[in-house]
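Colleague: any chance you could fold what I've pasted below:
(one chain, ligands or ions: 2)
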Amino acid sequence: MECELMQRAWIISIGTELTLGQSLDTNGAWLARELAALGVRAERHVTVPDELQPITAVALAAAASGEIVLITGGLGPTDDDLTRQALADAADTHLELDSAALEQIRAYFASRGREMPERNHSQAMSPVGGRLLANRCGTAPGVFVEICGTPCFAMPGVPFEMKAMFAEQVVPAIRAARQQKPAAAVAVAEDADSGEAVLLSRIVRTYGLPEAEIGERLRDLMVRGRNPEVGTTADMGEIGVRINAAAASGASATDMLDAEEREIRNRLGKAVYGIDSDTLAGAVGQRLIERGRTLCVAESCTGGLLGMLLTETPGSSQYFLGGEIAYSNEVKQRRLAVKSGTVAVHGAVSQAVASEMAAGARAAFGATYALSITGIAGPGGGTPQKPVGLVYIGLATPEGVRVREIRMGDQSPRGVIRQWAARTALNLLRMELG
Ligand code: AMP
Ligand code: MG
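Modeller: Ligands and ions are numbered 1, 2, ... in the order given. The predicted model follows:
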């Protein structure tokens, strides 16, 4: 989505591991989202290997086209860390020692009981005319320099160091620069409202409705060119409805998001379990806390994944008692009281075994609810009657046990089948809890 009022930025990610596809540029994605909320549109993402000339060339192109340039990576102490030199070259200047920064790096090592290796000296070199940005979380200071009048901020590649530096030093600098030189964005925004032009986003999280059904119910909201813009993303049974709202101020964009979220909730009903970083496991946990109930799990083909998802939520010990990873038939029988006759007659992947696993876990753990999962995650082990992707999910409650059968298709990868099964189990309990 474009917003005429927004400033334009280029994001440059530096690292040969990124250009070769050995690791993902998560910094670029994170920065683009943060910039949008600040009223800055990321109009280019460029990934460059650890080579001096290409970095210099991209920095020059970015400074010529964009209004702000953000760079991550290549600020370490080794020979493949070339961002400082490339920025000095692009700004047509040279590097000189910043002795205060050198002292900070020495102090960083001293606070960990170590002496600074000589190599780290290079990290205190700053382009003349620019300045270094202190790094609270690591050794690599960031770099600020103007190239052809365009502000360029270089931050470390390590994501948590980059995030802290962006929030603490780059955001205030962007805001301060705006106040000094009112750009078109600010002038228009001030006419319309107080604040800055922004693009704010929210994800309404759903489970249980197919994407096509959601698309049908939200059809008029999803028309291209509409503001707010609405689109869906699908991820192993979870459908996220993303709302982007462009407005002249953060307050009016938030109002637009609130109104759109209300409308989407009305249309999708109980399929909606939360927004943004909310998780299915968290939604289940909240309901269990509200009702003072407890939960345990019995997992075969998910091997503990359901327990992991549940315990990712801080405070889950209030309701989650524990679980049994009952991978072998013997463990299913010995620890969950699954009858050997049930396994012999129906097979380990069956409605009957899922039912006994859930009932057995509920009794063994003394929980209000038990969820069980048994299925064929593949890639081998499928038969025409019981293909890869067939999973049974049991839910034992004080009223009894019921089992849901799901078929994910024998072409689904093992990881997808396991994730999908665990999420479906969580959703089954969420719906039970109302
Ligand atoms: P660097 O500052 O280039 O030495 O990067 C240090 C580490 O940060 C790398 O080894 C990666 O693990 C990580 N990193 C660098 N760039 C990125 C990026 N764009 N996205 C995510 N992680 C990154
Ligand atoms: Mg690197």
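
Colleague: and the residue nearest the centre of the chain, how far from Thr26?
Modeller: Most central in the chain under C-alpha atoms, centre = their mean is Ser277, positioned 7.9 Å from the mean C-alpha point. The spacing between Ser277 and Thr26, counted by C-beta to C-beta, to the nearest Å, is 15 Å. The way it works is simple: take the backbone N, C-alpha and C, and place the C-beta from them, glycine included.

Colleague: then Ala42?
Modeller: From Ala42 across to Thr26, the span is 14 Å (C-beta to C-beta).

Colleague: those two: which is more packed in?
Modeller: Ala42 (21 against 13; other C-beta atoms under 10 Å).

Colleague: now do the contacts for that one.
Modeller: Under the criterion of C-beta atoms under 8 Å, 6 or more residues apart in numbering, the contact partners of Ala42 comprise 9-11, 28, 31-32, 35-36.

Colleague: can you give me the helices in the stretch 251-400 of the chain?
Modeller: Using DSSP state H, counting those that start in this stretch, the helices assigned to the stretch 251-400 of the chain run over residues 280-291, 305-311, 329-336, 340-346, 351-365.

Colleague: dump these into CSV; add mean pLDDT, distance to ligand 1 and mean neighbour count as well.
Modeller: As requested, the helices of the stretch 251-400 of the chain are arranged in CSV below (pLDDT from 0 to 100; distance: least, C-beta to the nearest ligand atom, whole Å; neighbours: other C-beta atoms under 10 Å):
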stretch, mean pLDDT, distance to ligand 1, mean neighbour count
helix 280-291, 98, 26, 20
helix 305-311, 98, 23, 21
helix 329-336, 98, 39, 17
helix 340-346, 97, 46, 13
helix 351-365, 98, 40, 24
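
Colleague: of the ones you listed, which approaches ligand 2 most closely?
Modeller: Counting by C-beta to the ion, ligand 2 lies closest to helix 305-311 out of the helices of the stretch 251-400 of the chain; the figure is 30.7 Å.

Colleague: ok, and what's touching the closest one?
Modeller: Under the contact criterion C-beta under 8 Å, 6+ apart, helix 305-311 has outside partners 279-281, 284-285, 295, 297, 299, 316, 320, 322-323, 325, 371, 373, 418-419, 422-423, 425-426.

Colleague: mind redoing it with 6 Å?
Modeller: For helix 305-311, contacts defined as C-beta atoms under 6 Å, 6 or more residues apart in numbering pick out 281, 297, 299, 316, 320, 323, 418, 422, 425.

Colleague: which of those residues tops the neighbour count?
Modeller: Ranking these using other C-beta under 10 Å puts Val297 first, with 32 neighbours.

Colleague: could you measure from the closest residue to that residue other than its chain neighbours over to ligand 1?
Modeller: Closest residue in space to Val297, ignoring its immediate chain neighbours: Gly323 at 3.6 Å, by C-beta to C-beta, 6 or more residues apart in numbering. Applying C-beta to the nearest ligand atom, to the nearest Å, the value for Gly323 to ligand 1 is 33 Å.

Colleague: now the strands: where do they sit in the stretch 51-200 of the chain?
Modeller: Chain-ordered strands for the stretch 51-200 of the chain, with DSSP state E, counting those that start in this stretch as the definition, fall at 68-72, 95-97, 125-127, 131-133, 142-147, 150-155, 198-207.
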